[in-house]
Structures are given as C-alpha cells and as structure tokens.
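Novice: just to be clear, the model below is a prediction. Sequence and coordinates:
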Amino acid sequence: MRTLSKTTARIADHRRAARTGVVLGGALLALTVVAVDPALAQNPVCAEESNTLVNMIEGFVQLTTGLGVMGLLVVWQADSLMEMFTLGQERQRSLKRHKRSALKSAIVLVILGPLFTVMGSSMDLPVADCVDVIPF
C-alpha cells in the first residue's frame, strides 16, 4: 500500500510540475508576442502622465509577493506544529512534502519579479522600462 501512495504522490508532483511549466511557457510566449508586436510600440502604460497604471501594477506585485511570503510562513509554522503531534511516519512525510511545496511556491513568487525585469529588458519590452516589478 505504501508503494501505491508514493507512486501517487510522485505522479501528482509530476503533474504539478507540468502545469507549472505550461503556465510559465505560456507566460513567456505571451511576453514574446507582446515584445514582437509592432502595434504596441506606443506603450500606453508608460505614456500615461499620472503613472496610475504603473503604480497599480507595482503595488499588485508587491502585495501578492508579500501575501505569498506571509502565507508561506503560516503554512510552514502550521505544518511544523502538526508534525510535532503527528505519530504516523507517512503523515509526517506528507507534511514535509507540503512544506517543501509551499517553499517552492514562495521562491517562484519572489523570483518572478526580478526575472521579468531581466527578461523584459533583454527582450526590449517597453513595459519593462517604466514598471518596476521587483517586490523588494
């Protein structure tokens, strides 16, 4: 029975990784399409005088990153507390996997802003020039 649950967990991890890859690939494809599209050369985001849209984008990135890191801390502490009171080895392994998964998600969330900034400037995205999406 343990082999079945390990296999099931491994399949779920692979599916999760595949979904993440598809989402990231789609995002990179969308960024590439935006970078190549000559109709977007005017860049209405940066042309706005009041910078309201730029501030909204930057605030959204900072808010979601902050909430994601706080969520990681809550999940980490809750899982650590549950690990102390859990007797079964399989349940403890499951909690450790959950903690690792939460940590990976938070790392991706923190890295996306700087990655977009580097990739956007290297691909000459006009939005990357005026929007600072590095959350810290």
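Specialist: On my side now, so go ahead.
Novice: what's the distance between the residue nearest to the spatial centre of the chain and Ile57?
Specialist: Closest to where the C-alpha atoms of the chain average out (Cα atoms, centre = their mean) is Leu109, at 3.2 Å. Leu109 sits 16 Å away from Ile57, taking Cβ to Cβ, to the nearest Å as the criterion. From N, CA and C alone the C-beta is placed, and that goes for glycine too.
Novice: what does Asp79 give?
Specialist: From Asp79 to Ile57 the distance is 33 Å (Cβ to Cβ).
Novice: these two - which one has more neighbours?
Specialist: Comparing Asp79 with Ile57 by other Cβ atoms under 10 Å, the one with more neighbours is Asp79, at 19 against 16.
Novice: quick check on that one: phi, psi?
Specialist: Here the main-chain torsion angles of Asp79 (degrees, to the nearest 10) amount to phi -70, psi -40.
Novice: ok, it touching His98?
Specialist: Yes. Look at Asp79 against His98 with Cβ atoms under 8 Å: they come within range, at 5.7 Å.
Novice: just checking, Gly113 touches Pro135?
Specialist: Yes. Look at Gly113 against Pro135 with Cβ under 8 Å: they come within range, at 5.0 Å.
Novice: name the residues contacting each of these two.
Specialist: Residues touching both Gly113 and Pro135 (Cβ atoms under 8 Å, 6 or more residues apart in numbering) are Val61, Thr65.
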